[in-house]
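Novice: Coordinates only, no sequence provided:
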C-alpha cells in the first residue's frame, strides 16, 4: 500500500471521528445535556481532528536527489516532475508545500534581501505584499512545473552582500561559493517559498517541507527551531554512492540528531542506489554493497539500521509514471512509503485516537453523573407528589408554600456561590498571569538581549541556562497555582454537593507536566546553537536576532498552549456549576407547576406522576443510546429505580 493511499485512509478516519463528535454534540443538545463546557471541549476536539496536519520534512545537501524523492513519493500522479530535480536545477530555498482553502493555487516567494532585516519568517508571513506571487494551474502540469522551477533561481552578488546574507563565511572558506571573474558569487534569489496546491494529499492535511543544504539550515534558525520540530517525520537524504560526507554529518549532528529516543520519526534515505546497478556485478554483490552502505551509515549516524532505507527515487518515479511494478520493487520506494506510514500516520492516529478516547471517557462520566443527579430529583418529586394523594387543598397549599420557601432559601444562597466564584477568579487571574506573555518576556528578556549583542558571546550558555531555569520555575509555580485552584474548587464542589444535593465533579486533574516536558525538550534541542561549532555564526548580530526570535516564538507557543489548556479546564468546571444551578431552578419551577396543576384539577396528580415516570424512563433510554453512539454497545442498560405508588416521603 502506498503512502498516498494510507494518507487517504488516515484522512477518512479523521473525518469519521469529527463527524462522530458532531453527532454526539447534537444528541447531547437534543437531550439538554450539552452545557457550554462540554460544547467547547467537543468543538475543540473536532477542530483538532479537522485541521490536523501531517508534516514530512526532507533535508539534504545539494544534489542528493531530495526533490526527486519528493516527486516520487507524493506527486507521481502528475505523470512528470513537479519539484525541480533535473541536472543543474535544484531547490535553492526552503520550500513548504501545503493547502489553504482561503487562497488560490499559487507560489509565494520571499526575496532573499529580507534576511538583512530583523523580522522573523513568522512575521514575514503576515506581510503578503512583500512576497512575489505566481498563480498556478493545477490542471496544467507543464505550467505548474515551470512555475515551481522559480524556487531554483539564483542571483549574483558581491562577497560583502553574500556575507551579510549568510552565504559567505570567512572562517570556513571551503564551504563558500566560488567567485566568478567579476568577483560576484551566486546565492539563492529567494529566502523562503510557500506553495499552495489543491493536490489531493495536501488537501488532506499533508505538508511537505523541502530544506536544501547546510547553508540554508544554518542561516535560518527558524527552520530548526520552529519548523523542523513540528514535523512528524524528518527524512535525511544521502547519496548511496558517496555515503555520509563531512557536510552531511554536520547537518545531522548540529540540527537533526534526535534529542530523545522515539520522540518522532527520523529516517535516513540512501538515494541513487541505481548507480550501483552495475551490469558487471551479480545481483548478490550489488545487494551486499547496498547493505554495507546501510550498515556503515547507521553506525556513523548512531541509528538502528532499520532507520536507514536505500532507494532509487528516479527509478521509483519512472516506475510509477509507467506503471512498472517490477521497476518499482527494484527502486525500493515502497519500503520508504511503508516506513513513513508506520512512523507517521500510525503514530499520529494513535495520538489523535488517544485524545478522542480520553475526552469521550471523561464526557461519558460527566453525562452519567448529571443523569443520576437529574434522575434523583425526579424521584424526589415523584415521592413528593405521591405524598399528596388523597390530601385536601389545605395540605396541597402548604406543600406549595414549602416549595416556594425552599426556592427563596436557594436563591439567597446565591450570595455564597458568588463569593466562591470571586475567590476562584482571583486564583485564576494569578495563574493566567504566570502563563501570560508578560511573564514569558520577563523570563527570556536577558537571553534575548544577550543573543542580540554583536561579537563573540562569552557566557551565553550560562545566560541560556538561567533563562530556562526561570521558565521552569514559572511553570512550576503555575502548576502549584493550578493545584490550588483545583483544591479550592474541589472543596467548594464537595460543600455544594452536600448542601444542595448537586452532583458536581471536576473534569480531571489540571496537569501542566506535558508543557514542562516540552520546555525541557526545547532547552535540550537548542544547546547545539551555543557550542563551539556555531560560535562564529552566533557572533553575527543578525543571526543572533533571528535565533532569539525563533526561540522566543517557540516558547510562546508552549505558554499559549498551556494557557489554552487552563482556560478549557476552567470552562468545563464552571459550566457544570452553571448547568446545575439552571437545572435546580427548573426543578423548583417544575415542582411548583405540578402543585399548581393539582390545586386546579385534582385529577392531574396521576397524569403528572405518569409524565415524570416516562421522563425518567426516556432519559435512561437516552443515556443508553449515547453509550452506543460512543461505541460502548456492551454497556449494561441504565437502571431506573422504580417508585411504588404507596411510597411516602
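Specialist: That came through fine. Bear in mind that the values here come from a model prediction, so they are computed numbers and not experimental data.
Novice: ok, residue 82 touching residue 148?
Specialist: Yes - under the criterion of CB atoms under 8 Å, residue 82 is in contact with residue 148, at a separation of 6.1 Å. Yep, even glycine has a C-beta here, placed from its N, CA and C like the rest.
Novice: which residues are common contacts for the two?
Specialist: Both residue 82 and residue 148 lack any common contact, where contact means CB atoms under 8 Å, 6 or more residues apart in numbering.
Novice: give the contact list for residue 472.
Specialist: By CB under 8 Å, 6+ apart, the contact list for residue 472 reads 516, 519, 520.
Novice: does the last one sit in a helix, a strand or a coil?
Specialist: Counting by DSSP: H, G, I helix; E, B strand; the rest coil, the backbone at residue 520 sits in helix.
Novice: Roughly how far does the nearest residue to it once chain neighbours are set aside sit from residue 447?
Specialist: Leaving aside its sequence neighbours, residue 520 sits nearest to residue 472 (CB to CB, 6 or more residues apart in numbering; 7.7 Å). Look at residue 472 and residue 447: by CB to CB, to the nearest Å, they are 13 Å apart.
Novice: and residue 572, how many residues sit next to it?
Specialist: Residue 572 has 21 neighbouring residues, counting by other CB atoms under 10 Å.
Novice: no no, residue 111
Specialist: Count around residue 111 with other CB under 10 Å applied: 15.
Novice: quick one: it and residue 190 touch, right?
Specialist: Yes - using CB under 8 Å, residue 111 makes contact with residue 190 at a distance of 6.5 Å.
Novice: what about residue 419, distance to residue 472?
Specialist: 35 Å.
Novice: Strands along the stretch 151-300 of the chain, start to end?
Specialist: Using DSSP state E, counting those that start in this stretch, the strands of the stretch 151-300 of the chain run over residues 154-157, 185-188, 190-196, 206-212, 233-239, 265-271.
Novice: got these as a markdown table, with distance to residue 249, mean neighbour count and mean pLDDT columns?
Specialist: Formatted as a markdown table, the strands of the stretch 151-300 of the chain follow (distance: least, CB to CB, whole Å; neighbours: other CB atoms under 10 Å; pLDDT from 0 to 100):
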| stretch | distance to residue 249 | mean neighbour count | mean pLDDT |
| --- | --- | --- | --- |
| strand 154-157 | 26 | 17 | 92 |
| strand 185-188 | 23 | 20 | 89 |
| strand 190-196 | 26 | 23 | 93 |
| strand 206-212 | 17 | 23 | 86 |
| strand 233-239 | 10 | 24 | 90 |
| strand 265-271 | 12 | 24 | 89 |
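Novice: mind checking the SS state of residue 510?
Specialist: coil.
Novice: per-residue pLDDT, it?
Specialist: Residue 510 is assigned 85 on the pLDDT scale.
Novice: before we move on, what about residue 426?
Specialist: Residue 426 is given a pLDDT of 89.
Novice: quick check: angle from the helix or strand hosting residue 360 to strand 265-271?
Specialist: Element membership of residue 360 [criterion: DSSP states H and E] is helix 346-386. With axes from the mean of the first three to the mean of the last three CA atoms, to 10 degrees as the basis, helix 346-386 and strand 265-271 are set at 150 degrees to each other.
Novice: Give the next helix or strand downstream of helix 346-386.
Specialist: Sequence order places helix 393-412 as the next helix or strand after helix 346-386, per DSSP H and E.
Novice: Could you check stretch 39-48 and say which residues are buried?
Specialist: Of the residues in stretch 39-48, 41, 42, 45, 46, 48 count as buried by neighbour count, 16 or more other CB atoms under 10 Å.
Novice: and the residue nearest to residue 515 when sequence neighbours are not counted, helix, strand or coil?
Specialist: In space, and not counting its chain neighbours, residue 515 is closest to residue 562: 4.3 Å by CB to CB, 6+ apart. For residue 562, the assignment made with three-state DSSP gives helix.
Novice: okay, now residue 562: neighbour count?
Specialist: If you count neighbours by other CB under 10 Å, residue 562 ends up with 23.
Novice: And it, how close does it get to residue 555?
Specialist: From residue 562 over to residue 555 the distance is 11 Å, taken as CB to CB.
Novice: thinking again about what came up before, counting only helices, which of the buried residues of stretch 39-48 make the cut?
Specialist: Among those, the ones falling in helices (DSSP state H) are 41, 42, 45, 46, 48.
Novice: Next, the contact list for the residue nearest to the second one when sequence neighbours are not counted, please.
Specialist: Spelled out, that is residue 42. Leaving aside its chain neighbours, residue 42 sits nearest to residue 25 (4.9 Å; criterion: CB to CB, 6+ apart). Applying CB under 8 Å, 6+ apart, one finds that residue 25 lies in contact with 34, 39, 42, 43.
Novice: so which strand or helix has residue 25?
Specialist: Applying DSSP H and E, one finds residue 25 within helix 3-30.
Novice: What angle do helix 346-386 and that helix make with each other?
Specialist: Using the same axes, to 10 degrees: helix 3-30 against helix 346-386 is 10 degrees.
Novice: so where is the stretch 501-649 of the chain shaky, pLDDT-wise?
Specialist: By pLDDT under 70, the low-scoring segments of the stretch 501-649 of the chain are 528-529, 531-534, 536, 600-604, 630-649.
Novice: Do you have the strands of it handy? List them.
Specialist: Counting by DSSP E, counting those that start in this stretch, the stretch 501-649 of the chain contains no strands.
Novice: just the helices in the stretch 401-550 of the chain please.
Specialist: Under the criterion DSSP state H, counting those that start in this stretch, helices of the stretch 401-550 of the chain are mapped to 414-435, 437-452, 460-500, 513-525, 535-538, 541-600.
Novice: can I get the ones you listed in JSON lines with distance to residue 355?
Specialist: Converted to JSON lines, these look like this (distance: least, CB to CB, whole Å):
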{"stretch": "helix 414-435", "distance to residue 355": "21"}
{"stretch": "helix 437-452", "distance to residue 355": "26"}
{"stretch": "helix 460-500", "distance to residue 355": "20"}
{"stretch": "helix 513-525", "distance to residue 355": "12"}
{"stretch": "helix 535-538", "distance to residue 355": "38"}
{"stretch": "helix 541-600", "distance to residue 355": "12"}
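Novice: Tell me which of those helices sits most buried.
Specialist: Highest mean neighbour count among these (mean count of other CB atoms under 10 Å): helix 541-600, with a mean of 18.
Novice: Compute the inter-axis angle for that one and helix 393-412.
Specialist: Using the same axes, to 10 degrees: helix 541-600 against helix 393-412 is 170 degrees.
Novice: Okay, angle between helix 541-600 and helix 513-525 too, please.
Specialist: Counting by the same axes, to 10 degrees, helix 541-600 lies at 170 degrees to helix 513-525.
Novice: And the helices of the stretch 401-550 of the chain: which comes nearest residue 400?
Specialist: Set against residue 400 and scored by CB to CB, the helices of the stretch 401-550 of the chain come closest in helix 541-600, at 4.5 Å.
Novice: okay, the angle between the closest one and helix 414-435?
Specialist: 170 degrees.
Novice: Where in this structure is the helix or strand with the lowest mean pLDDT?
Specialist: helix 213-219 (a mean of 64; mean pLDDT, DSSP states H and E).
Novice: about what we covered before: specify which member of the contacts of residue 472 is nearest to residue 467.
Specialist: Of those, the one sitting nearest to residue 467 (CB to CB) turns out to be residue 519, at 11.0 Å.
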